[in-house]
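In: fold the following for me, if possible:
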Amino acid sequence: QVQLVESGGGLVQAGGSLRLSCAASGRSFSGYAMGWFRQVLGKEREFVATISWSGGLTYYADSVKGRFTISRDNAANSVYLQMNSLKAEDTAVYYCAAGQAPTIAATRYPYWGQGTQVTVSS
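Out: Below you'll find the model as predicted:
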């Protein structure tokens with residue numbers, strides 16, 4: 001079991017930046033690939049970014065490529081999502097997730113945090 005807690009969400013103006021954090025506890029964090037997803041009320045959960053257990057492989061949704069950066073610190077049991085040049089359409093609840101391999105498929109991540117709200121005002 002892995003427990004995940006996101007933080008760092010909030011209200012920001014378009015063009016601004018936020019850094020989300022996800023703290024993990026429980027089984028060995030460094031053995032898991034991590035992902036960030038987001039969801040708008042009434043819509044399906046959307047892949048944002050993923051990172052391998054070592055941090056050597058990252059992959060991004062086209063909608064955030066060049067603006068968002070995923071990173072991890074295994075010593076701190078944490079994964080991060082640096083979000084720059086935010087747009088109104090980035091408004092969503094952001095979730096971190098842990099799984100066996102980096103993938104865009106939400107169903108392949110068995111462990112999820114509770115989410116943190118990001119609101120971008122235009």
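
In: show me what contacts Gly15?
Out: By C-beta atoms under 8 Å, 6 or more residues apart in numbering, the contact list for Gly15 reads Ser85, Leu86. Heads up, the C-betas are built off the backbone N, CA and C, glycines and all.

In: for it, helix, strand, or coil?
Out: Of the three states, Gly15 takes coil under DSSP: H, G, I helix; E, B strand; the rest coil.

In: and Met34, what element?
Out: Counting by DSSP states H and E, the element that carries Met34 is strand 33-39.

In: show me what that strand is packed up against.
Out: Here strand 33-39 touches strand 18-26, strand 46-51, strand 68-73, strand 78-83, strand 92-99, going by 3 or more C-beta pairs under 8 Å, 6 or more residues apart in numbering; DSSP states H and E.

In: same thing but at 7 Å, please
Out: Judged by 3 or more C-beta pairs under 7 Å, 6 or more residues apart in numbering; DSSP states H and E, strand 33-39 is in contact with strand 46-51, strand 92-99.

In: that one pairs with which strands?
Out: In the sheet, strand 33-39 lines up against strand 46-51 (antiparallel), strand 92-99 (antiparallel) (DSSP bridges).

In: closest to Gln114 out of the ones you listed?
Out: strand 92-99 (7.9 Å; C-beta to C-beta).
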